[in-house]
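A.B. asks: sequence and predicted structure, then a few things I'm wondering about:
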Amino acid sequence: PEKYSVLDSGQYYGLNYLQTQAYDRHRVLSYLRYEKGKEWVLISVNFSSEAKPTSLQISEAVFSEIGLKPNEALKQTNLLSGASQISTLTNYAPYEFVLPPYGISIIHFNLIDTDK
């Protein structure tokens, strides 16, 4: 399996306090692990017995702190399933997904090498 050093040595950025009232911060915990300007992992945990539709707001300040430009093409990999796709993160719309009951989401993002 591929090793993601960002998980054990990356910086931490908590996202719960940035969210709207629709975000269930009493039952969902979301944060980023990142190597500034290089790679990012979004981790969300659902502590509820019910599935939680989740919309994460990512502000301009977060993008600046983690060294990522909004709307940049990214490779998104679900580290639990291995599924990958091209994606983008933006401060104009939330990043949306559904967390299963007592579930976790671990999504790795890295820049797409456009020089190839």
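C.D. replies: In hand now; what should we look at?
A.B. asks: buried residues in stretch 97-115, which are they?
C.D. replies: For stretch 97-115, a neighbour-count test (16 or more other C-beta atoms under 10 Å) marks 99, 103, 105-110 as buried. The C-beta positions use only the backbone N, C-alpha and C, and glycine is treated the same way.
A.B. asks: and for stretch 23-31?
C.D. replies: By 16+ other C-beta under 10 Å, the buried positions in stretch 23-31 come out as 23-24, 28, 30.
A.B. asks: taking those, tell me the two that lie furthest apart.
C.D. replies: Of all pairs drawn from those, the widest gap by C-beta to C-beta lies between 24 and 30 and measures 10.5 Å.
A.B. asks: okay, now the unreliable bits of the chain?
C.D. replies: 1, 114-116 (pLDDT under 70).
A.B. asks: which SS class is the most centrally placed residue in it?
C.D. replies: Using C-alpha atoms, centre = their mean, the residue of the chain that lies closest to the mean C-alpha position is residue 42, 2.5 Å off. Three-state assignment for residue 42 (DSSP: H, G, I helix; E, B strand; the rest coil): strand.
A.B. asks: and the residue lying closest to it once chain neighbours are set aside, what element?
C.D. replies: The shortest distance from residue 42 to any non-neighbouring residue, by C-beta to C-beta, 6 or more residues apart in numbering, is to residue 107 (4.6 Å). Counting by DSSP states H and E, the element that carries residue 107 is strand 104-111.
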